[in-house]
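S.K.: would you be able to build a 3D model of this:
(chains A and B)
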Protein chains: 2
Amino acid sequence: MNAPMPHPAERLLARPLPAQMLSALSARFGPRLSTALAVREQHGRDESPFDVPPPDAVVFCESTEEVAFAVSQAAQHQVPVIPYGAGSSLEGHLLAVQGGLSIDLSRMNRVVQVHADDLTCTVEAGVLRTQLNREVKDMGLFFPIDPGADASIGGMTATRASGTNAVRYGTMRENVLGLTVVTASGEVIRTGTRARKSSAGYDLTRLMVGSEGTLGVITEITLKLHPLPESVAAAICFFPDVEGAVNTTIQLIQMGVPIARCEFLDRHAVRAVNLHDKLGLTEAPMLLMEFHGSAASVAEQAATVQEIARDLGGNDFQWATTPEERTRLWTARHHAYLSGLQMKPGCRAITTDTCVPISQLAGMVTAALDDAEAAGLPHFVVGHVGDGNFHIAYLIDPALPEERERAEALNDRVVQRAIAVEGTCTGEHGIGLHKQGFLVEETGAGSVAMMRAIKLALDPHNILNPGKIFQL
Amino acid sequence: MNAPMPHPAERLLARPLPAQMLSALSARFGPRLSTALAVREQHGRDESPFDVPPPDAVVFCESTEEVAFAVSQAAQHQVPVIPYGAGSSLEGHLLAVQGGLSIDLSRMNRVVQVHADDLTCTVEAGVLRTQLNREVKDMGLFFPIDPGADASIGGMTATRASGTNAVRYGTMRENVLGLTVVTASGEVIRTGTRARKSSAGYDLTRLMVGSEGTLGVITEITLKLHPLPESVAAAICFFPDVEGAVNTTIQLIQMGVPIARCEFLDRHAVRAVNLHDKLGLTEAPMLLMEFHGSAASVAEQAATVQEIARDLGGNDFQWATTPEERTRLWTARHHAYLSGLQMKPGCRAITTDTCVPISQLAGMVTAALDDAEAAGLPHFVVGHVGDGNFHIAYLIDPALPEERERAEALNDRVVQRAIAVEGTCTGEHGIGLHKQGFLVEETGAGSVAMMRAIKLALDPHNILNPGKIFQL
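M.R.: Prediction:
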């Protein structure tokens, strides 16, 4: 069963910032420490549909040393710290369920170094992914992880983000080489190196990636970069049914076609982006694909895909080879979530994030759509289908608890089906506040107990983003 | 400074198996429990040049439940357990420095399931990599990680192995999806799923991968498989100097050529494989490369490589396109280590395993070779140069401590240089007994303290492969 949102009564566990700590922070940070309600409320919020418990104060840090100072203070007074990047997480990661100090990292936005020859760079945690790509583009490089939102690299690391390019380039898990981390005691450690592989002890880098701020505050990240492909082509293709679109993807993956991106939009999602971006696309299940490589390789991949898609009912192939045409399509894809929300004015979305073995994907999407139709809730589907990951968003009126319950019940069924086929409740958004019950079902009480043991060993006073992933 | 080998006096820390435990094991395992000296000595040994401290007993397990039983006994009596796969590790991982129970997993050699549609499989820990590849070949699939030795999948997981295909397909880190693990208390947990990505809580899978048996006994592994490429071609090419060979590799990587394997052999290594495999190769710095893809893509990659190599002095390109020709070349490569040892009868090898950012590689290899020449120790170099990882093996007479010291001093310099350029002391072999000092230098005392805290949280009585990676 899905864990319910923490009841407001749990705010009784709040650990307010003592005056002594506030004055120490104020002495160090001056006007970069804020207790203004508007600032606090902004920092107790993310893109999740939950109510906001704000932190007690917000500090805007500009260096690892400043973060270490702030965390040392929190450690001394045993109050929570919650790292804040761009505020784009989706699972309540930023909600200050026990109050405490929000550490805003958005001013740590320097690309510290780029080693173009080695295809690596080191960035501060507040660097945004689009900013990084702007800064390395002229060197012929790019950073492929693209979760849609213009998230911070620190936040993407903390949630193990992925997105549209993961099918070819992997997720944050595969693209982070090393980290600078402030531990629960305020100490600064380095994990990993700039070497592309290592067998040197426990993989602390991968332990921190996806730890949602509960094991340390990530302040710098060393990343793999990739050469900009010589040639890029994008295509869209429409299908009479969901199966045709998904099965096309499955065959591509099984054949080892090195497709870079393979996104699915159901007819509702296509309608939404049509309304929002005036695209005039056929309102039918659609694949949006991108191919990277040499000109010859891209042409060959494209030919293979057209053949497979045609066999499975795909039609109306449209190619985009100029950067402008591609940008138009991908911008629409990136707007899909916001566009979808606009189909029901004033709504909020409850969004699933299951990821399943790819052979199970068509059945999962179809069942989710059938259930949603039957329940009569407006909804739309977008999916990183090359990875087996899809999102169905249920649009609810936040004033109607009954709609939220109906959406949660649908979400529950989607997750149960995913777990039954050895999939995961979250492909890329994280556990946060909302999926803690699912985590236990998915991985078992023994594994969660091991996670708890690690958490207690590294953060004995539970000051690092408490209440997220699991309850202690 | 490199940590010295544990002094024989540390055997004072030995924690012998009590009679009560031996009789419980004997009752459960019958003749599959052995205390015969020959069996124990075989299980206290690996491919490292260290003397053998044997375990007190060896148990041959045939299921996860049996492993859980054996570990429960060890937990109850607080004696060490050391998982044993194929015995091919290189850093003393199997040496029973405190005595205890060796858990031989070689009879857990079943491929439990293959999901060809999903490109995943689940195997028991004792399955050998060549066996797995034999079993999935007819389904058009392969498992790419190839450390040379016919290692067990469990051992490869525990050491975060990689090898010749990592440049394209990644290491064990990227190819393990999930695990069954027996914890220090004898409990069985599952980590990960069959989904290709997940953000569900701490990445226990990656924490176990590379933990060298110190955090749990891995009994089953769920792996990614890959489609057999439509077309494969291998090539060798010779260079007037080390720089030409290494710089060819660097340019290929920087251009994003999707080369599958890119191995370097110095002239000594070429001479060794000539002697061993009667190959008649030019005794000069050599690259051995392999390309995977469609026929057109392989042809295109090959043309690019020839052009780059020629610019850097490469000559005498020889292509191997039939499976037999390729096998002949790769068999020679796999024999390089043993062939090298035969250059100095009765010798043992001290082998480096540094991995550096690729722009630093040519300088590293050249400096290592210059030092070795100056020291007058026979040596040879093989390298997974596409990853920035190379091995220089110093051939020493085990009866001459002075030769060992000289080799260790050379090894030390290679590692110091690698760490100075943000590389790692071990790309794929692990820390084991021998590199514990390097680990601290590389990652810092704070990171090693974090590893220790995790170890103590998960294995409070230090029964899981004690004395490896770090001293508690």
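S.K.: use CA for all of it now, contacts and neighbours both
M.R.: Will do.
S.K.: can you show me the helices along the stretch 1-150 of chain A?
M.R.: Counting by DSSP state H, counting those that start in this stretch, the segments of the stretch 1-150 of chain A that form helices are A:19-29, A:37-43, A:64-77, A:129-137.
S.K.: now for the ones you listed, which one comes closest to residue B:292?
M.R.: helix A:129-137 (28.2 Å; C-alpha to C-alpha).
S.K.: convert the C-alpha atoms of that closest one to PDB, please.
M.R.: Only the C-alpha atoms of helix A:129-137 are listed here, as PDB (Å, rounded to 0.1, in the frame of the first residue of the first chain):
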ATOM      1  CA  ARG A 129      21.300  21.400 -17.200                       C
ATOM      2  CA  THR A 130      20.500  23.900 -20.000                       C
ATOM      3  CA  GLN A 131      23.200  26.200 -18.700                       C
ATOM      4  CA  LEU A 132      25.800  23.400 -18.800                       C
ATOM      5  CA  ASN A 133      24.800  22.500 -22.300                       C
ATOM      6  CA  ARG A 134      25.200  26.100 -23.400                       C
ATOM      7  CA  GLU A 135      28.600  26.300 -21.800                       C
ATOM      8  CA  VAL A 136      30.000  23.100 -23.400                       C
ATOM      9  CA  LYS A 137      28.300  23.300 -26.800                       C
END
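S.K.: show residues contacting it.
M.R.: With C-alpha atoms under 8 Å, 6 or more residues apart in numbering or on different chains as the test, helix A:129-137 has contacts from A:111, A:114, A:141, A:142, A:143, A:146, A:150, A:151, A:152, A:153, A:228.
S.K.: want to try TSV for the residues you listed, with neighbour count and distance to residue A:182 as columns?
M.R.: Formatted as TSV, the contacts of helix A:129-137 follow (neighbours: other C-alpha atoms under 10 Å in any protein chain shown; distance: C-alpha to C-alpha, whole Å):
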residue	neighbour count	distance to residue A:182
A:111	20	19
A:114	18	23
A:141	20	29
A:142	22	27
A:143	24	24
A:146	20	26
A:150	17	24
A:151	21	21
A:152	27	17
A:153	31	16
A:228	21	33
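S.K.: closest to chain B out of those residues?
M.R.: residue A:228 (8.2 Å; C-alpha to the nearest C-alpha).
S.K.: so what's the residue nearest to the closest one when sequence neighbours are not counted bridging to?
M.R.: Nearest non-adjacent residue to residue A:228, counting by C-alpha to C-alpha, 6 or more residues apart in numbering or on different chains: residue A:141, 4.9 Å away. Here residue A:141 sits in beta bridges with residue A:227, going by DSSP bridges.
S.K.: got the contact list for residue A:141?
M.R.: Residue A:141 is in contact with A:116, A:119, A:133, A:225, A:226, A:227, A:228, counting by C-alpha under 8 Å, 6+ apart.
S.K.: can you do 6 Å?
M.R.: A:226, A:227, A:228 (C-alpha atoms under 6 Å, 6 or more residues apart in numbering or on different chains).
S.K.: export the helices of the stretch 1-150 of chain A to a markdown table and tack on mean neighbour count?
M.R.: Below are these laid out as a markdown table (neighbours: other C-alpha atoms under 10 Å in any protein chain shown):
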| stretch | mean neighbour count |
| --- | --- |
| helix A:19-29 | 15 |
| helix A:37-43 | 18 |
| helix A:64-77 | 21 |
| helix A:129-137 | 17 |
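S.K.: okay, the ones you listed in JSON lines with mean pLDDT next?
M.R.: JSON lines is the format used below for the helices of the stretch 1-150 of chain A (pLDDT from 0 to 100):
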{"stretch": "helix A:19-29", "mean pLDDT": "98"}
{"stretch": "helix A:37-43", "mean pLDDT": "96"}
{"stretch": "helix A:64-77", "mean pLDDT": "98"}
{"stretch": "helix A:129-137", "mean pLDDT": "98"}
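S.K.: so which of these is nearest residue A:392?
M.R.: In terms of C-alpha to C-alpha, the element of the helices of the stretch 1-150 of chain A nearest to residue A:392 is helix A:129-137, at 24.7 Å.
S.K.: re the thing from before, among the contacts of helix A:129-137, which ones are in strands?
M.R.: In this view, the contacts of helix A:129-137 that belong to strands under DSSP state E are A:111, A:114, A:141, A:142.
S.K.: any idea what the first one is bridged to?
M.R.: The residues listed as beta-bridge partners of residue A:111 by DSSP bridges are residue A:123.
S.K.: just checking, it touches residue A:120?
M.R.: No - assessed by C-alpha atoms under 6 Å, residue A:111 is found out of contact with residue A:120, at 11.4 Å.
S.K.: nearest to residue A:220, out of the helices of the stretch 1-150 of chain A?
M.R.: Per C-alpha to C-alpha, nearest to residue A:220 of the helices of the stretch 1-150 of chain A: helix A:64-77, 7.9 Å.
S.K.: would you list the phi and psi of residue A:178?
M.R.: phi -160, psi 170 (degrees, to the nearest 10).
S.K.: distance-wise, check it relative to residue A:202.
M.R.: 13 Å (C-alpha to C-alpha, to the nearest Å).
S.K.: quick one, which of these two is more surrounded?
M.R.: Neighbours were counted for residue A:178 and for residue A:202 using other C-alpha atoms under 10 Å in any protein chain shown; residue A:202 has more, 30 against 25.
S.K.: find the nearest non-adjacent residue to that one, please.
M.R.: Nearest one to residue A:202, counting by C-alpha to C-alpha, 6+ apart, is residue B:211 at 5.6 Å.
S.K.: number of nearby residues for the one you found?
M.R.: Residue B:211 is flanked by 28 other residues according to other C-alpha under 10 Å.
S.K.: quick check, pLDDT for it.
M.R.: Note on residue B:211: pLDDT of 98.
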